[in-house]
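[1] Structure for the following, please:
(one chain, ligands or ions: 3)
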Amino acid sequence: MSRHRIAVIPGDGIGREVVPAGLEALHATASRFGISLELDEFGFASAEYWQRHGTMMPADWEETLRGYDAIYFGAVGWPEIVPDHVSLWGSLLQIRRTFDQYVNLRPCRLMPGVRSPLAGREPGDIDFVVVRENTEGEYSSVGGRVFEGTERETVLQETVMTRIGVDRVLRFAYEQAARRPARHITSATKSNGISISMPFWDERVADMAGRFPDVRVDKLHIDALAAQFVLHPERFDVVVASNLFGDILSDLGPACAGTLGIAPSANINPERDHPSLFEPVHGSAPDIAGQGIANPVGQIWCASMMLEHLGHPEAAAHLLGAIEDVLALGPAEAPLTPDLHGKGTTVELARAIADRVRERSPI
Ligand code: NAD
Ligand code: IPM
Ligand code: MN
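    Ligands and ions are numbered 1, 2, ... in the order given. Okay, here's the model as predicted:
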């Protein structure tokens, strides 16, 4: 029996509601497939921890988390208590960088039973992955602010792209594309306006293309690409993007596929010399936190991605299949949450998926 140690960090807001929901589905899947999990839950990376300690994480967080096989994460951020840039740079962004989780893999799929806001779209029309660069780019601490409070006040924040950093995420994206039937990559650029970093990105995309002759490559400027997501989502297979462009596309894609609430993400360290982190794409959603109506599917799908990463592809596929079965019933038959036009609660939808995990025959 394989055994894995998982660090669980619920975080803030709906993170605390969807993480227990995700764990219910994870436990149901693990026991069905004879996978033994050892879970430890941590209260840091939350506004509550910040209020008590004045930092987002303990000084020894890195040693604490390093020993785990994976991190199962909810969402961080409670801007009423701690400014977002403080809470995020003090937790999630620091974990991504320290553990060199340089790929942020974000699948986007229109699921059966889910209504897209785009007219006439059906399952199969939207099925792509965003591969987001996750440790450099526009998210940089290089810069500063001078002449503060004066008319000459000036702020600078530099984009940082390294050849190693760009090439490694591109290689991952090309490898993904080479394994998918369509074998197609779209690179998000803006080399017409951002005249130093983006032409460099394009150059590296072209260079990597030479090593993957079977993969078709397109590049689209980010503004046009965003429009194409809405107009022709069926044209996308693997979308590779810098940190900021990938962030924006990975909210837009799921919105086109019905709701942000079902979108998962894997912050991966492909070399496996540090734990990878699995979290939904969405945040702590203060506007609905505490109401019990957050969609738990993104968090549950993350459990499937985590099982895949831990070497259990059948269990991962089984859990994703259970999600699909329940969504396919639609809001009249299944306790879907309000973002899916249903009247169900987080707990009811998670229970329905966990039950389905136990009932459905293995693939
Ligand atoms: P958000 O993703 O939390 O919410 C955006 C909108 O989507 C809200 O209307 C929300 O109600 C809805 N939504 C999100 N998840 C949902 C779900 N599971 N079910 C139903 N509806 C859902 O983004 P925001 O409002 O920009 O950010 C809120 C806080 O979360 C901020 O502090 C932000 O910095 C933080 N944040 C954290 C992460 C993370 O930890 N990975 C990601 C994004 C935002
Ligand atoms: C995400 C989030 C984070 C990001 C924020 C909260 C810093 O939006 O994971 O997509 O921009 O990476
Ligand atoms: Mn985001």
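
[2] which residues sit in contact with the residue of the stretch 1-150 of the chain found nearest ligand 2?
    Using C-beta to the nearest ligand atom, the point where the stretch 1-150 of the chain gets nearest to ligand 2 is residue 88, with a distance of 4.1 Å. The C-beta positions use only the backbone N, C-alpha and C, and glycine is treated the same way. Residue 88 is in contact with 76, 77, counting by C-beta atoms under 8 Å, 6 or more residues apart in numbering.

[3] With the one 3 residues further on instead?
    Contacts of residue 91 were listed using C-beta under 8 Å, 6+ apart, and they are 11, 44, 45, 56, 57, 76.

[4] can you count the residues close to the fifth one?
    Read it as residue 57. Residues lying near residue 57 (other C-beta atoms under 10 Å) number 22.

[5] phi, psi of it?
    phi -140, psi 160 (degrees, to the nearest 10).

[6] Not counting residues beside it along the chain, what's closest to residue 14?
    Setting aside the residues directly before and after it, residue 14 is nearest to residue 294 in space (C-beta to C-beta, 6 or more residues apart in numbering), at 3.8 Å.

[7] Then residue 286?
    In space, residue 286 is closest to residue 13, 5.4 Å off (C-beta to C-beta, 6+ apart).

[8] Let me see the ranges of the helices in the stretch 101-250 of the chain.
    Along the stretch 101-250 of the chain, counting by DSSP state H, counting those that start in this stretch, helices occupy 163-179, 197-209, 222-231, 243-256.

[9] mind putting those helices in CSV, mean pLDDT included?
    As requested, the helices of the stretch 101-250 of the chain are exported to CSV (pLDDT from 0 to 100):
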stretch, mean pLDDT
helix 163-179, 98
helix 197-209, 98
helix 222-231, 98
helix 243-256, 98
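
[10] mind checking which of the ones you listed is nearest ligand 1?
    Going by C-beta to the nearest ligand atom, the one of the helices of the stretch 101-250 of the chain nearest ligand 1 is helix 243-256, 7.4 Å.

[11] Just grab the bridge partners of the residue nearest to residue 220 when sequence neighbours are not counted for me.
    In space, and not counting its chain neighbours, residue 220 is closest to residue 186: 5.9 Å by C-beta to C-beta, 6+ apart. According to DSSP bridges, the residues that bridge with residue 186 are residue 218, residue 239.
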